[in-house]
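S.K.: have a look at this prediction, sequence included:
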Amino acid sequence: MEIDAIKAKIEDAIDGAEATVTGDGSHFDAIVVSEAFAGMSPVAKQKMVYAPLNEHITSGELHALTIKAYTPAEWEKAKKLQIGS
C-alpha cells in the first residue's frame with residue numbers, strides 16, 4: 001500500500017485530520033492530528049485511525065501500522081517535548 005493512499009484514507013475518514021505517514025512499503029508510522037480526538041482515550045483514537053484501513057490490514061496489503069494520534073493541543077505539547085517527531 002502506498003503512503004499517499006494511507007494518508008488519504010485517514011484524512012478522508014476523520015474530520016479535520018492532518019496525517020503524516022512514513023514507511024517502507026509494508027510497515028508504516030502515522031502521526032494523526034485532529035480535533036475529533038478530543039476527550040478520547042488513546043485506544044479509542046487508534047481505533048478511529050484503524051477503521052478506514054481495516055480492510056487493507058485484514059487482507060495483508062498493509063502489514064503493520066504504528067499510530068500516534070493527537071488533538072492539536074496535544075500535538076503542540078508533544079512537539080515541544082519532541083515526542084512523535
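M.R.: Received the coordinates, thanks.
S.K.: could you identify the helix or strand that succeeds the host helix or strand of I57?
M.R.: Using DSSP states H and E, the element containing I57 is helix 54-59. The first helix or strand that comes after helix 54-59 along the chain, using DSSP H and E, is strand 64-70.
S.K.: burial of the residue lying closest to T66 once chain neighbours are set aside, as a residue count?
M.R.: Spatially, and ignoring its direct neighbours in sequence, T66 is nearest to D29 (4.6 Å; C-beta to C-beta, 6 or more residues apart in numbering). Glycine gets a C-beta too; all of them are placed from N, C-alpha and C. When neighbours are counted by other C-beta atoms under 10 Å, D29 registers 15.
S.K.: helix or strand: which one has D29?
M.R.: When elements are assigned from DSSP H and E, D29 belongs to strand 27-33.
S.K.: isn't T22 right up against I3?
M.R.: Yes - with contact defined as C-beta atoms under 8 Å, T22 and I3 form a contacting pair (7.0 Å).
S.K.: got any residues that touch both of these two?
M.R.: Shared contacts of T22 and I3 (C-beta atoms under 8 Å, 6 or more residues apart in numbering): F28.
S.K.: tell me the helix or strand right after whichever helix or strand K7 is part of.
M.R.: Here K7 is covered by helix 3-13, with elements defined by DSSP H and E. Per DSSP H and E, the first helix or strand lying C-terminal to helix 3-13 is strand 18-23.
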